[in-house]
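Student: I'll drop the sequence and a predicted model, then ask my questions.
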Amino acid sequence: MNSRISLVIVLLRGSLLRDRRGQHTFGVGSMRIRTACLTTGAVGLSAFLYACVVSIDPVIRDSAATFDARLLGDWEEVGGSDRATVARDSGDTYLIEYESEARTGRFRARLGRLGSLSVLDAWPDPASSTPLEPYAGAIVAGHVLLVLDILPEEIRVRMLNADTLAARLDAGRLLLDSRSNEKQLVLLDSTDGLRSVLTSYLASPGALSDAGVFRRAPEGRLHPVNVPCFEASAWREADRLFRSDPHWVGADVASTVDLGSGRTLWLFGDTWIDASGRGQREGARMVSNSVAIQTGSNPATASIAFYWGRSPDGTPDALFPDREGESLWFGNGVRIDDRLILFFSRVVRNTGTGLAFDEVGWTAVMVENPDDEPSRWRTHALETPANPLGVLVGSATVLRSGDYVYALGSENPVKSHPVYVVRWPAGAVRRGDLHAPEWWAGRREGWAPDTSSLQRWPLFENGQSGLSVHFDTLTGRFLEVQTRGFGSADVIMRAAPALVGPWSAPHMVYRPSEYYRPGVMIYSAKAHPMLTGADLVLTYATNTSNADEMITDHSIYYPRFVRLKQCP
């Protein structure tokens, strides 16, 4: 970015318009701007969400940022309903989750100084950004500048007074280039020029709003968003996608990775392969994993090709064969530029009581040429660090958000299945370097290095090895999908304003028809946000402990589709 940085001030529903020399091209009096700002909550910090005054580019440079640990924690507006959770993101950057009038925003922020004032420069979480539209879909269309008085249990917050700012620009008392429309006042100048003008301006009478006061919330209080309302139905037309190959006759897990260009990679666990091509499981072989490439985003109309491996004698085998007595079950994966990273649970089969397997750890593999057919993939195993918690990193979800790749996994064999998250810089993941993950250590501490003695903090309890988490652009929140129950199970959903929470209580969204079938197990429900044909597409898996039924009943052990439509 060059030295000339633009600062955009958004005056929602204001209508003062200027050209670059500060001359009116269209406008009304400043009183209307003040009225509009007051209706959006400019007196309190709810203007943080509704952006009475914001900027597109920062006022506080990264090199000038400071860090004050007193900001960390949960905060509640005095005399209002706004709430904020402040955590350390990385370096001197804060992560803020903000809720106002049933709307939730996710922000990054840097603390610095303008003259004698302590100011916080906050901007929308880049997870929803695009290079051409850096704040597309964000509640705030740019940066928010807040003047803070920070006390141990209280924060006093003041914002730019839009009425005063507009009047002084109108009178030529602030010498900054500007342009605007009926909703935006844009100040165009270098960063040094803006800092110089704003430093003196903020110290002048009337430049700032009245203070909004926030007090520290009681320890551990959560403020999750609601689970959105969806109408769910079975999608039988899409179910046919997995029944199009007479050799591939059933599997579970069914995770997805967006490969780009309308291609979706499906990752399967234990898979039945019928070498004869009769489409039967009798005489077929079960292998530990397989994949498929779907072309076209709508599963009801898309095409698909399945891939598995072959043993030296030519019989079907897993695409990623067993290693020294351990099977590899797919978790999830992520594509970073020209590389594909796949995560696996390492599984040991057993004949003891309970489940016939033990998940003993995790591993990962890099694919160097993900645009080729899987039968021609060039792969190599990556070194992966162990963790004392026994978390199956990447067994649940792997996703990229901003500059980081996040991998979720449950702690085994803890019965409550707490779900943890680690992250790496995206560039390190592309290189295959998974040695030094950071762990989420709670809102007060933020992200902790793998070598830190800080306690790791689960996102929620009662998770599973097989679940999905994604950012849902339709509802503007993170959604988690899994099943609840062992055997007969429902598909449930959680919601959160940010990946690290706070997560809502689970809410049932769908009861599969197999729920009422004796002996049938329902598990591994996941969302697939890259697919179309519904507001959100889910799948779930079914199985049975009856070996004969598994072989003869082709209504089970195929992934089943569910389509969700947002409630009107």
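Tutor: That came in fine, so what should we check first?
Student: Tell me how far Ala211 lies from Gly79.
Tutor: Going from Ala211 to Gly79 by C-beta to C-beta, to the nearest Å gives 11 Å. C-beta coordinates here come from the backbone N, C-alpha and C atoms, glycine included.
Student: which of those two has more neighbours?
Tutor: Ala211 (17 against 9; other C-beta atoms under 10 Å).
Student: For this protein, give me the ranges with low pLDDT.
Tutor: Scanning the chain for pLDDT under 70 picks out 1-54, 101-103, 126-141, 178-187, 219-224, 351-355.
Student: tell me the helices in it, going along the chain?
Tutor: Along the chain, counting by DSSP state H, helices occupy 30-39, 47-50, 162-170, 191-202, 236-239, 426-430, 547-552.
Student: Those helices: which one's closest to Ala65?
Tutor: helix 191-202 (13.5 Å; C-beta to C-beta).
Student: So what's the residue count around the residue nearest to Val520 when sequence neighbours are not counted?
Tutor: Once flanking residues are discounted, Val520 sits nearest to Glu514: 4.7 Å by C-beta to C-beta, 6 or more residues apart in numbering. Neighbour count of Glu514, defined by other C-beta under 10 Å: 18.
Student: I'd like the numbering to begin with 22 instead of 1 from here.
Tutor: All right, first residue 22 from here; so that's Glu535.
Student: Any idea which residue is closest to the centre of this protein?
Tutor: Nearest to the mean C-alpha position of the chain, by C-alpha atoms, centre = their mean, lies Phe492 at 4.3 Å.
Student: Quick check: that residue vs Arg498, distance?
Tutor: Distance, Phe492 to Arg498, using C-beta to C-beta: 8 Å.
Student: got it, and Leu219?
Tutor: With distances taken as C-beta to C-beta, Leu219 is found 33 Å from Arg498.
Student: List the buried residues of stretch 227-246.
Tutor: Of the residues in stretch 227-246, 228-230, 232-235, 237-238, 244-246 count as buried by neighbour count, 16 or more other C-beta atoms under 10 Å.
Student: do stretch 321-334 as well
Tutor: Buried residues in stretch 321-334, counted by 16+ other C-beta under 10 Å: 321, 323, 325, 327-331.
Student: Looks like the residue nearest to the centre of the chain contacts Phe499 (just checking).
Tutor: Yes: the pair Phe492 and Phe499 passes the contact test of C-beta atoms under 8 Å, sitting 5.4 Å apart.
Student: what do these two both touch?
Tutor: Common neighbours of Phe492 and Phe499, counting by C-beta atoms under 8 Å, 6 or more residues apart in numbering, are Leu520.
Student: Put the alpha carbons of stretch 266-275 into CSV.
Tutor: Presented in CSV, the C-alpha positions along stretch 266-275 are these (Å, rounded to 0.1, in the frame of the first residue of the first chain):
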residue,chain,number,x,y,z
ASP,A,266,-20.8,-46.0,-9.5
PRO,A,267,-21.3,-49.8,-9.5
HIS,A,268,-17.9,-50.3,-7.8
TRP,A,269,-18.2,-47.7,-5.0
VAL,A,270,-21.1,-49.1,-2.9
GLY,A,271,-21.2,-47.1,0.3
ALA,A,272,-19.1,-45.1,2.8
ASP,A,273,-19.3,-42.8,5.8
VAL,A,274,-17.7,-39.6,7.1
ALA,A,275,-18.4,-37.5,3.9
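Student: List just the nearest of the buried residues of stretch 321-334 to Asp392.
Tutor: Using C-beta to C-beta, the buried residues of stretch 321-334 come closest to Asp392 at Tyr328, 14.2 Å.
Student: in terms of contact, does the closest one touch Asp393 like I think?
Tutor: No: using C-beta under 8 Å, Tyr328 is not in contact with Asp393; the gap is 11.0 Å.
Student: where do the strands sit along the stretch 472-589 of the chain?
Tutor: With DSSP state E, counting those that start in this stretch as the criterion, the stretch 472-589 of the chain has strands at 489-493, 498-505, 511-517, 528-531, 541-548, 557-565, 581-587.
Student: Is it possible to get those out as TSV so that each row also shows distance to Trp383?
Tutor: Compiled in TSV, the strands of the stretch 472-589 of the chain are given as follows (distance: least, C-beta to C-beta, whole Å):
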stretch	distance to Trp383
strand 489-493	17
strand 498-505	18
strand 511-517	23
strand 528-531	28
strand 541-548	17
strand 557-565	20
strand 581-587	27
